[in-house]
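Engineer: Prediction below, plus the sequence it came from.
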Number of protein chains: 2
Amino acid sequence: MQNVKKIDPRPNISEDIANTLRNMIFDGYFSAGERINEVHLSTELGVSRTPLREALTTLAAEEALYHSPRRGFFVSELSREEFEDIYPMRAILDPAALRLSGRPSRESFSKLERINEKMKGTRDFKTRASLDDEWHLELIRDCNNRVLIGQIKLFMNRIRRYGLAFHQDRQVVEMSTTEHQEIIDALKKDDLESACEWLRRNLTSDKTPILNWLEGRKTK
Amino acid sequence: MQNVKKIDPRPNISEDIANTLRNMIFDGYFSAGERINEVHLSTELGVSRTPLREALTTLAAEEALYHSPRRGFFVSELSREEFEDIYPMRAILDPAALRLSGRPSRESFSKLERINEKMKGTRDFKTRASLDDEWHLELIRDCNNRVLIGQIKLFMNRIRRYGLAFHQDRQVVEMSTTEHQEIIDALKKDDLESACEWLRRNLTSDKTPILNWLEGRKTK
DNA sequence: TTATATTTAACTGTATACAGTATTTAGTTA
DNA sequence: TAACTAAATACTGTATACAGTTAAATATAA
């Protein structure tokens, strides 16, 4: 038998703080473009600058922050340019994952319908958005490519910031629960390709309103 | 006019070191699974541990390294599992980028053929591999989605480690210059879809030999 | 000798100090 | 007042110190 080292799951401060910061950013705790003061933030979080900086470095690698030498870390701006780049990514990645997953299991089907029902009855944007994420991850549960799933999760986060900022200004728009149902129906008929097509459509439907909002937001 | 801050392009040690390390890893300077000794490496590179650790954190976010709390940083192993996950990514991403690019310009066409010719005459694996990367980036030059291009570059690097390790053991295998030509020909006929199909095929053709090699390498 | 316990050394994780660089504030001139 | 300059302050980048943990070496028992 191979001598597999037991790995210690205890995280360390750097990684803890990275998770904390990630949530703070995606939940809109910082405003876009904001400069991060390392001294203030470190005392606020009760840690020294070293692990904080390592966390900031991690977040910069994920492009949630950017780094300007000798000026520090900044929260990434929400821009039309970035949005137009990251938004189509899921329409590329998710259908590929669905193709690898194939038809969901019986349990997955009922779970998908349960989540979709819950979405219909939810008005709060944040919970609605996480239900949407949950639904999409359930849809591709059988995809065994962990890297692909990881990428999808990454772009879920990056795109959420836009949805959040948008829905703070505007009213909640009807999120595509009917499209979800179309995907489920197609899969039940074993029609993977039209399921992929509906999925692609579902992942592009939000684009226009947010794009318009980004355009009309030159007031800043 | 908006007050656009001139950005200072001078990098800092952390970022310098990150680039250095990235090249060291992708070029096979470290062996897979190797543990990184921060003290030794920092003196070797002539910097203190702090910027080195920030660089290591960056590389860990890119999954070139992994981090085990209180044990340190390790060079990621080459595993069949990871290979099977990352290898298909380019077959997903590249055709999507080609669809966004559309038909290449006249200059691109000649550049593509020039690079491909050069590839045919090159026996050294490393230069051949970078010519291949160059060719593929030229193919999708008109894709205006920078994020998508960035992802492709990321996976180029991650996959290269496998190709390199493989070609150190085995003989150089004929790289798919004929497939490249098929792609060019299809595009000249304005047949984007079959170009995408050839591209997908090109990006899956190397898989089997490397996979076999990974399988048969249980000697370790 | 092999296996287990104990001590020692090495290494990582975090805090802190310090130097050099931006940024802000106050002061000066038109 | 507005524009410009100079001094003061704040902040980042890097080095270093130290504590706690892991890994290695040595000693002890089977």
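Structural biologist: Okay, I see it.

Engineer: For B:Ala18, see how far away the residue of chain A found nearest chain B is.
Structural biologist: Taking Cβ to the nearest Cβ as the measure, chain A has A:Ala61 as its residue closest to chain B, at 3.6 Å. Every C-beta, even on glycine, is put in place using the N, C-alpha and C of the backbone. Noted for A:Ala61: a distance of 9 Å to B:Ala18, by Cβ to Cβ, to the nearest Å.

Engineer: the more surrounded of these two?
Structural biologist: Relative neighbour count places B:Ala18 above the other of A:Ala61 and B:Ala18, with 23 against 17, counting by other Cβ atoms under 10 Å in any protein chain shown.

Engineer: OK, contacts around that one?
Structural biologist: With contact set as Cβ atoms under 8 Å, 6 or more residues apart in numbering or on different chains, B:Ala18 has these partners: B:Glu54, B:Ala55, B:Thr58, B:Leu59.

Engineer: got these as a markdown table, with distance to B:Ser14, neighbour count and pLDDT columns?
Structural biologist: Formatted as a markdown table, these follow (distance: Cβ to Cβ, whole Å; neighbours: other Cβ atoms under 10 Å in any protein chain shown; pLDDT from 0 to 100):
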| residue | distance to B:Ser14 | neighbour count | pLDDT |
| --- | --- | --- | --- |
| B:Glu54 | 4 | 23 | 98 |
| B:Ala55 | 5 | 26 | 98 |
| B:Thr58 | 8 | 23 | 98 |
| B:Leu59 | 11 | 25 | 98 |
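
Engineer: Identify those among those residues that sit within helices.
Structural biologist: B:Glu54, B:Ala55, B:Thr58, B:Leu59 (DSSP state H).

Engineer: mind listing the helices for chain A?
Structural biologist: Per DSSP H, chain A has helices spanning A:13-26, A:38-45, A:49-61, A:80-101, A:106-120, A:125-139, A:146-169, A:177-188, A:192-202, A:207-215. These are given in chain order.

Engineer: Can you lay out those as CSV showing distance to DNA strand D?
Structural biologist: Converted to CSV, the helices of chain A look like this (distance: least, Cβ to the nearest atom of the strand, whole Å):
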stretch, distance to DNA strand D
helix A:13-26, 12
helix A:38-45, 3
helix A:49-61, 6
helix A:80-101, 22
helix A:106-120, 38
helix A:125-139, 29
helix A:146-169, 21
helix A:177-188, 43
helix A:192-202, 40
helix A:207-215, 28
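
Engineer: list the residues that contact both of A:Ala61 and B:Ala18?
Structural biologist: Counting by Cβ under 8 Å, 6+ apart, the contacts common to A:Ala61 and B:Ala18 are B:Thr58.

Engineer: which regions of chain A lie under the pLDDT threshold?
Structural biologist: In the prediction, chain A carries residues with pLDDT under 70 at positions A:1-9, A:169-175, A:218-220.

Engineer: how about the residues of it that lie near chain B?
Structural biologist: Residues of chain A lying near chain B by Cβ under 8 Å from any Cβ of the partner chain: A:7-8, A:10-12, A:14-15, A:50, A:53-54, A:57-58, A:60-62, A:68-71, A:82, A:84-86, A:88-89, A:92-93, A:96, A:145-148, A:151.

Engineer: didn't A:Gln181 look like it was pressed against A:Asn116?
Structural biologist: Yes. Counting by Cβ atoms under 8 Å, A:Gln181 touches A:Asn116, with 6.5 Å between them.

Engineer: Between those two, tell me which one has more neighbours.
Structural biologist: The neighbour count for A:Gln181 versus A:Asn116, taken as other Cβ under 10 Å, is higher for A:Asn116 (21 against 16).

Engineer: and the nearest residue to that one once chain neighbours are set aside, how many residues sit next to it?
Structural biologist: For A:Asn116, ignoring the flanking residues on the chain, the nearest one in space by Cβ to Cβ, 6 or more residues apart in numbering or on different chains is A:His180 at 4.8 Å. Close neighbours of A:His180, defined as other Cβ under 10 Å, add up to 23.

Engineer: Test my guess that A:Arg90 contacts A:Leu203.
Structural biologist: Yes. In this structure, A:Arg90 is within contact of A:Leu203 by Cβ under 8 Å, at 4.8 Å.

Engineer: Could you tell me which residues touch both of the two?
Structural biologist: Both A:Arg90 and A:Leu203 lack any common contacting residue under the criterion Cβ under 8 Å, 6+ apart.

Engineer: give me every residue that touches A:Lys118.
Structural biologist: A:Leu131.

Engineer: got the domain boundaries for chain A?
Structural biologist: Taking automatic domain parsing as the domain assignment, the ranges for chain A are A:13-75, A:80-215.

Engineer: For those domains, give me JSON lines that also has distance to B:Lys189.
Structural biologist: Formatted as JSON lines, the domains of chain A follow (distance: least, Cβ to Cβ, whole Å):
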{"stretch": "domain A:13-75", "distance to B:Lys189": "38"}
{"stretch": "domain A:80-215", "distance to B:Lys189": "25"}
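
Engineer: Of the ones you listed, which is nearest B:Arg35?
Structural biologist: domain A:13-75 (18.5 Å; Cβ to Cβ).

Engineer: Just want to check the distance between the nearest residue to A:Lys120 once chain neighbours are set aside and A:Asn157.
Structural biologist: In space, not counting the residues next to it along the chain, A:Lys120 is nearest to A:Thr177; the distance is 5.2 Å by Cβ to Cβ, 6+ apart. In this view, A:Thr177 and A:Asn157 are 22 Å apart by Cβ to Cβ.

Engineer: Which one's more surrounded, those two?
Structural biologist: More neighbours surround A:Thr177 than the other of A:Thr177 and A:Asn157, with 20 against 15 (other Cβ under 10 Å).
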